[in-house]
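1. compute the structure for the input listed below.
(chains A and B)
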Amino acid sequence: MKNQREQFVGAPVERIEDHRLITGKGRYTGDLRPEGSWTAHFLRSPYAHARWSKIDVSSASALPGVHAVFIFR
Amino acid sequence: MASAEVQLTKIENSATTRVVTLTVNGVQHNVETSTRTTLAVFLREALRLTGTHIGCAHGVCGACTVMMDGESVRSCLMFAVQAHGHDIQTVEGLSNAGELAPLQACFRAHHALQCGYCTAGFLMTLTDFLSHNPDPTEEQVRQALTGNLCRCTGYKNIVDAALDAAKQMRAKGEAAG
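-> Numbering: from 1, shown residues only, chains lettered A, B, ... in the order given. Model (predicted):
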């Protein structure tokens, strides 16, 4: 206990995570690529205030690599 | 053809690829990439150099700053193909064989970061700035950092770290003669 007090109290303490963060080795959620994961894209309405009538997703669904299209119903 | 279809056809046609040859942190790469891929996404996805971060993706926050031929640039506002034939340096290339650059060491000593997300951008902006301004005033450092946003640490410790790094690098330069 006494040694710890001498070591830390009143002394500048370097953070253990800083080394990886300042060398570009930090890991953030956006850096992760879990195996088999897909990418989601959100397409928002280009109209600020409009009434929804219908959405045709057939050509979007037909694009290569598209697994699913979800829309408001 | 329905207008949505025309739009999608346009998008598909725009997905042209090119082989980009560039040097990143001293290593040459030849990688095929879509012409619409930004340099930031290219570095992160194609080269898996995830130290370069994308904050706003439209040139406001500065998190994606890298150096091209020694000048700081926003990698989110450039296409990867524009870096063809150029020399790119990212945060991963700052420390020499595991030894921290003076600026990195000063960031650590001055607690100039918390979450670290904006840090790579600050380091790259300052590396460029200090290479041209070895003896800056606090005001000049603050001016140089107007294009980098930090949302947790604030700027005081970052400015302190930059001034201390400048001082240390000058001392080193003088010692080296």
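2. near chain B, which residues of chain A?
-> Selection of chain A residues close to chain B by Cβ under 8 Å from any Cβ of the partner chain yields A:12, A:14-15, A:17-19, A:21-28, A:30-31, A:56, A:59-60, A:63. C-beta here means a position set from N, CA and C on the backbone, and glycine is covered the same way.
3. does A:E17 touch B:G116 like I think?
-> Yes - with contacts counted by Cβ atoms under 8 Å, A:E17 reaches B:G116, the gap being 7.5 Å.
4. intersection of neighbour lists for those two?
-> Residues touching both A:E17 and B:G116 (Cβ atoms under 8 Å, 6 or more residues apart in numbering or on different chains): A:G26.
5. show me the helices in the chain, by range?
-> The chain I'm using is chain A. Shown for chain A, the helices assigned by DSSP state H span residues A:2-8, A:18-22, A:58-62.
6. look at chain B instead
-> Secondary structure of chain B by DSSP H: the helices cover B:3-14, B:39-41, B:102-109, B:119-132, B:138-144, B:156-176.
7. before we move on, the earlier item: just the helices of chain A: most buried one?
-> helix A:18-22 (a mean of 21; mean count of other Cβ atoms under 10 Å in any protein chain shown).
8. from the chain's centre, how far out does that helix sit?
-> Remark: helix A:18-22 is offset 20 Å from the chain centroid, using Cα atoms, centre = their mean, to the nearest Å.
9. just stretch B:117-129 next, same as before
-> For stretch B:117-129, the distance to the chain centre is 6 Å (Cα atoms, centre = their mean).
10. is chain A within reach of it?
-> Yes - residues of stretch B:117-129 contacting chain A under Cβ under 8 Å from any Cβ: B:117, B:119-120, B:123.
11. how about JSON lines for those, with neighbour count and distance to B:C64 added?
-> Listed next are the residues of stretch B:117-129 next to chain A as JSON lines, based on neighbours: other Cβ atoms under 10 Å in any protein chain shown; distance: Cβ to Cβ, whole Å:
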{"residue": "B:Y117", "neighbour count": "20", "distance to B:C64": "11"}
{"residue": "B:T119", "neighbour count": "28", "distance to B:C64": "12"}
{"residue": "B:A120", "neighbour count": "28", "distance to B:C64": "8"}
{"residue": "B:L123", "neighbour count": "29", "distance to B:C64": "12"}
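12. turn the residues you listed into TSV, including distance to B:C56.
-> Converted to TSV, the residues of stretch B:117-129 next to chain A look like this (distance: Cβ to Cβ, whole Å):
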residue	distance to B:C56
B:Y117	12
B:T119	16
B:A120	14
B:L123	18
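13. what two of those residues are the furthest from one another?
-> By the measure Cβ to Cβ, B:Y117 and B:L123 form the most distant pair in those, at 12.3 Å.
14. now do the contacts for the residue nearest the centre of chain A.
-> Of all residues in chain A, the one closest to the mean position by Cα atoms, centre = their mean is A:G30, 4.0 Å from it. A:G30 is in contact with B:50, B:53-54, counting by Cβ under 8 Å, 6+ apart.
15. just give me the closest of those residues to B:K172.
-> Nearest to B:K172 out of those is B:H53 (Cβ to Cβ; 28.9 Å).
16. residues contacting that closest one?
-> Residues in contact with B:H53 (Cβ under 8 Å, 6+ apart) are A:28, A:30, B:63-64, B:117-118, B:120-121.
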